[in-house]
Structure formats: C-alpha cells, structure tokens
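Trainee: structural data only, the sequence is not supplied:
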C-alpha cells in the first residue's frame, strides 16, 4: 500500500535545565553532552528536568554500569499540587479545581504521569529510546543504585512529528499576540504525526479536533495530506448504522453522532479549499449514510429525536458530560441545528456532482428543521433559541448555530450576536466551541471584537503554558489541537 503522507520529522532537542534534585548535588553534565553524571552506589536520587516548553517525541538516554540498579523515567505535561485525598477533584471528564497552578512554579508540586522502568545490566553505553512516543515538559529520573555506581552518559529529546512547515505566520508587533500565535502553532505541531491526536492522554484522532487542526494545516502550511488521510480514515470507520466512529483508528468503538456531522463538514472544507473533486467523489455514499441516520430521526414535529450514543457538543459545565439538553431524552435545538449546518454543506458538495435529488431533498429537510426549531424553541421574550421546547435553558452554542445556518433572519443576526456575547445567563462556549463563535462573529461583521474575546488563551499563557489545553479552566490535557484555532483565526 503506497504511503500517503511523508515520513515524520525528527529533530534533536537538548534538555534545558534541571529544576530540582534530591539525594545528590545537581550535575547537568549529562544533559549538556560535555561530560557524564555519576549516581553514587547505594543511593536514591531524583532528578527533575524542565524542558521549559511542551514537546513530544522519543528521548534517548545513554547510561553505563549500575548493575542491579533501577531507573524510573516519569513524563508529565505539568507538575501537580498536593491535594486532600478526600477531595473530589474531578468528575472523570473535567477537573473541579486547579491542580497545576502556574506551570513555571514548581514549589510544593510533584510529578505524576506515565513512566518507563530500566534495569541496567552493568554494561557500557547502553541506549534506551522508548518504543512509543513520549509527551512532556517535565521528566523526572528516579534512580536507585545498589553496589555499583550508575553513569548517566547523555540524555536528550528527539522531537518527532508531522513535517508541517510554517509557511504563513502573523507577526503583529504585539508581544502577547505573537506569543499566542507561537503557542497555537506548537499546539498543532505537538498534536500531529501519523495522524492528528491528543499527544499525552487519548493518543486518538477525534473528528471534532481534526476538523480544526486540518484547517490550520491548510492555512499555515498549505499541506493537506494529513487532512486527506483523516477524511479517508473516518470514512473507513463507519459502522453498519451509517455513522462514523468519533475517533479512528481505535480498537474500541466510540460513537459521537455530532462528530459524524463534522466529518461531513470536513469534506465540505476540503471541497472549498482544494480543487480535487475525484478525491471527494468516493465519500458521497458515506455522506448520505450519515445524513440518513439523522433524517430517519426527524419526527412529525420536524425536530431530531430518539438519538443514542454520546451526543457530545462542548465541555461547558452546563452540558452534562458535554451533551446539550434534550439530545438524549427529547428534542435538542442544538443537535437539530448542527444537522442543518451539515445538510447545507452536503448540498454544496452534491450540487457539484449534479446529485439533484439529494440537493433538493436536503434543502427541503433543512428548511423544515429550521422552521420547527423556531416554532418549538424560539423564546419571544428573550429573543433567542432555547435548548429545548420547555424553554428553560439557553446557550451561546445553539444561537451561534442559529446564525451560521441562517435560522435567524440575516437582518437580526447582528443583534443576536450582541446578545450572545452580553447575556451572561447563557451557557458559555468553551475554548473548543469558540471556533464556531468566531465564525459567527465574522459572518455578522463583528470580527473586530475578536481580540476582546481571547481571554482563555491569554490565561493559559499567563499560567506558564506553552501550548493550549483541552478546556479553558483547569485543563487535563495541556495540548489539544482544537484550541490551536488562533493560527486559523489570525489569517482567516
């Protein structure tokens, strides 16, 4: 099978500094390659290395002697504070408290993460390079020697990733904005090798992340090969029901129906930015199968219902497990409008291929759903679309989709966008869904407000992060491709 993407870039990275040592005096010789560091016999030593920035790859450790000793190498994106063992710090999805603080401050913190254990045999110049990629800012060497000293000859990182080239770059003269760009680009670089992925935790290619990462790739590097591969892989992932898997490749099936819609949106993105219709033609059956799955769940009200699987949309705390109200047990205006958005994108692609029946059918269905959403969920007093027909909850997300799909008349969209930004009672979009918020801003001619809405990214920089996390507040993952969107926004 011919390889469809280039081989990965490999680049040697020297470790920057030792941040903390216990059990011996600090000695950085083995990091600088101008000497070796000796761990005395019968010692217990911990050496905390701070790369000072987030990176990923395959570090190489060369060591000698140390018969019967043990080297434990722990990798972490950030250090953790001490917490009360009885305190509920997470619900399994989101962290409830700040576990990390400023990443540059290590006082009172410890390292927790995956690790390798080496058992030296006493030989000379033994080389250890992990077989699986390691992601880190901090690495701790925890060494216990027996009757023979252990010599650390050298240790350095080997950055490994997809060979994206930063052909486009926005330089503003504003140091803060320039830092934001650099952190966003590093986030993308550290989230891509043979596929797009979260490089520390999931190590999986999710559609929601991949759509945004693909657009950044095209805009900044002009390279669409990893995007093409991802589109093909998601098509390969489709199950018998017609939906794609939410992440692929994976040996565990997980289905997020809205992500299947986003896969169709990715195809539309490729259609808009690349003149390659024959590549896209092969995906028309898959597009139809995804749309058919949702279309069969539009009942006599004109709303989507009877959904199953995990209807994740955003990590806002107001969506239980990321699921909009009504998605699992009734009618969700949010899911309905996501479907509308995809129906409109599919119309554009199918119109190119002269698939007139599908175009007409999708247009009729799209208009029907939009009318039903307004009829059942629009609240006249608030002037916004509610999450469900009971009109008890309202979100930025659903009303952003109302703008993007022209469910709201174009003559009131500017006012709706103002309300979205100013009404603090609305469920707030997190860093992921702000990508769609900014598309709505542009659509209504309010793009000049973009720089006033970058607090989540600024907050991460102020906290010593060098990449952007999975969520605005207390992120688990320190590097998540969907938060690299400033690299798209600044240019788009």
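Mentor: Nice, thanks for sending it over. Model, not experiment: these values are computed from the prediction.
Trainee: so which residues of the stretch 251-400 of the chain form strands?
Mentor: The residue ranges that make up the strands of the stretch 251-400 of the chain, judged by DSSP state E, counting those that start in this stretch, are 378-379, 384-385.
Trainee: quick one: closest of these to residue 304.
Mentor: With C-beta to C-beta as the criterion, residue 304 lies closest to strand 384-385 of the strands of the stretch 251-400 of the chain, at 14.3 Å. Bear in mind the C-beta positions are built from the backbone N, C-alpha and C, glycine included.
Trainee: give the pairing partners of the closest one; include direction for each.
Mentor: Within its sheet, and counting by DSSP bridges, strand 384-385 is paired with strand 378-379 (antiparallel).
Trainee: quick one on the thing from earlier: what's the most buried one of the strands of the stretch 251-400 of the chain?
Mentor: For these, the largest average neighbour count (mean count of other C-beta atoms under 10 Å) is found in strand 384-385, namely a mean of 24.
Trainee: residue 10 reaches residue 158, doesn't it?
Mentor: Yes. In terms of C-beta atoms under 8 Å, residue 10 counts as a neighbour of residue 158; the distance is 5.6 Å.
Trainee: more neighbours: those two, which one.
Mentor: For residue 10 against residue 158, the residue with the higher neighbour count under other C-beta atoms under 10 Å is residue 158, and the figures read 16 against 12.
Trainee: if I look at the more buried one, how far off is residue 200?
Mentor: Using C-beta to C-beta, to the nearest Å, we find residue 158 at a distance of 17 Å from residue 200.
Trainee: and if you look at residue 89?
Mentor: Taking C-beta to C-beta as the measure, residue 89 falls 18 Å from residue 200.
Trainee: could you do residue 86 as well?
Mentor: Counting by C-beta to C-beta, the separation of residue 86 from residue 200 is 27 Å.
Trainee: to residue 98, which of the strands of the stretch 251-400 of the chain lies closest?
Mentor: Each of the strands of the stretch 251-400 of the chain has some distance to residue 98 by C-beta to C-beta; the shortest is strand 384-385, at 32.0 Å.
Trainee: pLDDT value on residue 92, please?
Mentor: Per-residue confidence for residue 92 comes out at a pLDDT of 67.
Trainee: swap in residue 102?
Mentor: For residue 102, the pLDDT comes out at 97.
Trainee: just the one 10 residues further on next, same as before
Mentor: pLDDT recorded at residue 112 is 96.
Trainee: burial check on it, number of neighbours?
Mentor: The number of residues packed around residue 112, counting by other C-beta under 10 Å, is 13.
Trainee: quickly list what's touching both of residue 10 and residue 158.
Mentor: When contacts are counted by C-beta atoms under 8 Å, 6 or more residues apart in numbering, residue 10 and residue 158 have residue 57 as shared neighbours.
Trainee: picking that back up, to residue 70, which of the strands of the stretch 251-400 of the chain lies closest?
Mentor: Proximity to residue 70 (C-beta to C-beta) singles out strand 384-385 among these, at 59.8 Å.
Trainee: show me what that closest one is in contact with.
Mentor: Contact with strand 384-385 is made by 333, 337, 373-374, 377-379, 394, 398-399, 402, 407, 416, 419-420, 423, 426, as judged by C-beta under 8 Å, 6+ apart.
Trainee: give me that answer again for 7 Å
Mentor: Strand 384-385 is contacted by residues 333, 373, 377-378, 394, 398-399, 402, 419 when judged by C-beta atoms under 7 Å, 6 or more residues apart in numbering.
Trainee: that concludes my questions; thank you for your assistance.
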